[in-house]
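K.L.:
no sequence for this one, just the structure:
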């Protein structure tokens, strides 16, 4: 039985935050850029009664100095005054360059003037100042900085900030992920001398919240190795709720099947479902079966049925809904295509890797690429991580085709004709284009060589977000996990979901809807703050298998327990007679001796 314990503190439990100004609960909210300052008041109005006390937002150089020598703080002044009225603490981000200050590391005097003017203006109100955002990646053009350069920028900012007020706190620029090598390089360059708070963005989607411990532990070990005894914050993390529609829509399938003189209404299709492989990344992220409701003559079969599959009755075959296929059955697939059968594949590369059963009897993919399987079927793929091809672009229907638009960012996988033999053809259905390159991402392989059938392939690999229900389950689990790991302050990204484009993840991170009505995540956040308010002890968290348990004491002396599972359901016999039981959304539950733990937290208070 797997068991581990989240405990950084020995002896008596420590108090998390003794006063409201030190609340651990924050959000990121865009309230300054452009005309977004107008949204500060409606956002704060919803945050305050929920107990959300911290807001992270950029006070960027280009906002303060829109033209060289022209300083305009009028909009930031409005935001600061509004935050004061609603008793919201802001974590401002000092970041990014301007055309006359690029790169910042070569224009440190200009950078220091921006820091000095901004912090002097707001330093009495805002006591923590974050220096840059995600310096380890190209979050926006020119924003990625080498560790040594970042330390120069950090040092220059700290010098100005401490001159203004030595008690002001400098926050390390939140890194994208937890890049240990980048952070260590900053420490080697002396970076620990120039910040008061370490800061990371441990995004882990589509992973589970509890997996963040695997990112956090190495960071604390690194800090301990360099004798850095400073608080650690998480100023961004989230799970978006965007949804991608399937690429293999009925319109696309109909167009592809024309090349084999077939239609969805008349063609028999055999489908192999393998729940182990489909759910290996979690049930929430399992690929959709795009054949359901489209093919009236649909039949599910097993791997063993492949050998004797009648091509005349079932001219179409879906051998896998994933990129993995057991190599031991692959010769039967090749034989099927030799007899004129057509393979249908969507979501990633067909026959990319092998699959085998593990010691527990569960199918698991073997992640080594199986080029030989693709070559045997005369298909080939190109990818941005192994070939000199672009990793993104614009996806459009092939010339002359009227097909639905594919509404997600470009693919880094392409179809190629490199393994075709004489008589074979690759017919594009969708092409990905950019200035340098153009190749199919959805296409039809039509064989007339030793193979007589074909392959209809869609190599796009869009990953949808979680449902809003699951987002609401994940939020309190993530906060309890991070707090128990030793994180001091936590900001969810972000507060409001714009919800303009259903396929854009950036529009669906929020915990309230576009009209400020609550999503489940907001309701769960509000109730978590009620159950674990400022002044509570740090949650102590244990895990046995898939069952998780956290325990803490509130300022009123009440001991609170939380149970949930990482997958499925599990019975939990309470070790005490509960005073109250609530679900993660705050709905009161009947008092009972045994709980059924699942993905949403169940809170129980001791008598």
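P.N.:
Cool, got the structure. The structure displayed is predicted, hence computed values, not measured ones.
K.L.:
from here on, just use CA atoms for contacts and neighbour counts.
P.N.:
Will do.
K.L.:
for the residue nearest to the spatial centre of the chain, report the pLDDT, please.
P.N.:
Centroid-nearest residue in the chain, with Cα atoms, centre = their mean: residue 205, separated by 3.2 Å. You'll see residue 205 listed with a pLDDT of 85.
K.L.:
please apply the same query to residue 284.
P.N.:
On the pLDDT scale, residue 284 is placed at 63.
K.L.:
likewise for the one 10 residues further on?
P.N.:
Each residue has a pLDDT score; the one for residue 294 is 96.
K.L.:
ok, residue 444 next?
P.N.:
pLDDT, residue 444: 98.
K.L.:
check which helix or strand covers the closest residue to residue 126 other than its chain neighbours.
P.N.:
Take residue 126 and drop its neighbours on the chain: the residue closest to it by Cα to Cα, 6 or more residues apart in numbering is residue 90, 6.2 Å away. For residue 90, the element it lies in under DSSP states H and E is strand 89-94.
K.L.:
picking that back up, per-residue pLDDT, the residue nearest to residue 126?
P.N.:
Note for residue 90: predicted pLDDT of 97.
K.L.:
tell me the bridge partners for it.
P.N.:
residue 55 (DSSP bridges).
K.L.:
what is the burial count for it?
P.N.:
25 (other Cα atoms under 10 Å).
K.L.:
buried ones in the helix or strand harbouring residue 521?
P.N.:
With elements taken from DSSP H and E, the one containing residue 521 is helix 520-531. Within helix 520-531, the residues scored as buried using 16 or more other Cα atoms under 10 Å are 520-529, 531.
K.L.:
and the residue nearest to residue 126, how far is that from residue 546?
P.N.:
Distance of residue 90 to residue 546, computed by Cα to Cα, to the nearest Å: 37 Å.
K.L.:
please apply the same query to residue 99.
P.N.:
52 Å.
K.L.:
quick one, which of the two is more surrounded?
P.N.:
Shown here are residue 99 and residue 546; by other Cα under 10 Å, residue 546 has more neighbours (16 against 10).
K.L.:
who touches the more buried one in this structure?
P.N.:
Counting by Cα atoms under 8 Å, 6 or more residues apart in numbering, residue 546 touches 565-567.
K.L.:
partner residues bridging residue 458?
P.N.:
With DSSP bridges as the criterion, residue 458 is bridged to residue 442.
K.L.:
correct me if wrong: it contacts residue 442.
P.N.:
Yes - if you go by Cα atoms under 8 Å, residue 458 and residue 442 touch, sitting 4.3 Å apart.
K.L.:
C-terminal to the lowest-mean-pLDDT helix or strand in the chain, what's the next element?
P.N.:
Ranked by mean pLDDT, DSSP states H and E, the helix or strand of the chain with the weakest confidence is strand 3-6, at a mean of 43. The helix or strand immediately downstream of strand 3-6 is strand 25-28, counting by DSSP H and E.
K.L.:
what is that following strand packed up against?
P.N.:
strand 54-58, strand 489-493 (3 or more Cα pairs under 8 Å, 6 or more residues apart in numbering; DSSP states H and E).
K.L.:
could you rerun that using 10 Å?
P.N.:
strand 54-58, strand 89-94, strand 489-493, helix 520-531 (3 or more Cα pairs under 10 Å, 6 or more residues apart in numbering; DSSP states H and E).
K.L.:
average model confidence for it?
P.N.:
For strand 25-28, the per-residue pLDDT averages 98.
K.L.:
run through who's touching the helix or strand just after that strand.
P.N.:
Following strand 25-28 in sequence order, the next helix or strand is helix 40-50 (DSSP H and E). Residues outside helix 40-50 that contact it (Cα atoms under 10 Å, 6 or more residues apart in numbering): 26-27, 29-32, 52-55, 78-80, 82-83, 85-88, 495-496, 512, 515-518, 522-523, 525-530.
K.L.:
relative orientation of helix 40-50 and strand 54-58 in degrees?
P.N.:
With axes from the mean of the first three to the mean of the last three Cα atoms, to 10 degrees applied, the angle from helix 40-50 to strand 54-58 works out at 150 degrees.
K.L.:
report the buried residues of helix 40-50.
P.N.:
Neighbour-count burial for helix 40-50 flags 40-41, 43-44, 46-47, 50 (criterion: 16+ other Cα under 10 Å).
K.L.:
columns distance to residue 339 and pLDDT on top of those residues, output as CSV?
P.N.:
Formatted as CSV, the buried residues of helix 40-50 follow (distance: Cα to Cα, whole Å; pLDDT from 0 to 100):
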residue, distance to residue 339, pLDDT
40, 65, 96
41, 68, 96
43, 63, 97
44, 66, 97
46, 64, 98
47, 64, 97
50, 64, 97
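K.L.:
before we move on, the earlier item: which of the contacts of helix 40-50 are buried, as a ChimeraX select command?
P.N.:
To isolate the buried ones among these in ChimeraX, judged by 16+ other Cα under 10 Å, type:
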select :26,27,29,30,31,32,52,53,54,55,78,79,80,82,83,88,495,496,512,516,518,522,523,525,526,527,528,529
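K.L.:
the one helix or strand residue 62 maps to packs against which elements?
P.N.:
Secondary structure from DSSP H and E places residue 62 in helix 61-64. Under the contact criterion of 3+ Cα pairs under 10 Å, 6+ apart, helix 61-64 touches helix 74-85, helix 108-122.
K.L.:
winner for burial among those?
P.N.:
Comparing the helices and strands packed on helix 61-64 by mean neighbour count (mean count of other Cα atoms under 10 Å), helix 108-122 ranks first with a mean of 18.
K.L.:
for that one, what is the average pLDDT?
P.N.:
Rounded mean pLDDT across helix 108-122 is 98.
K.L.:
farthest pair within the buried residues of helix 520-531?
P.N.:
Between any two of those, the greatest separation by Cα to Cα is 16.4 Å, found for 520 and 531.
K.L.:
can you pull the contacts of the closest residue to residue 602 other than its chain neighbours?
P.N.:
Using Cα to Cα, 6+ apart and skipping residues adjacent in sequence, the residue nearest residue 602 is residue 583, 4.6 Å away. The contact partners of residue 583, by Cα under 10 Å, 6+ apart, come to 473, 524, 527, 562-563, 589, 597, 600-604.
K.L.:
element containing residue 222?
P.N.:
helix 212-225.
K.L.:
who's in contact with the helix or strand just after that helix?
P.N.:
Using DSSP H and E, the helix or strand that follows helix 212-225 in sequence is strand 232-234. Here strand 232-234 makes contact (Cα under 10 Å, 6+ apart) with 24, 26, 171-172, 174-175, 196-203, 216, 219-220, 223, 482-483, 486-492.
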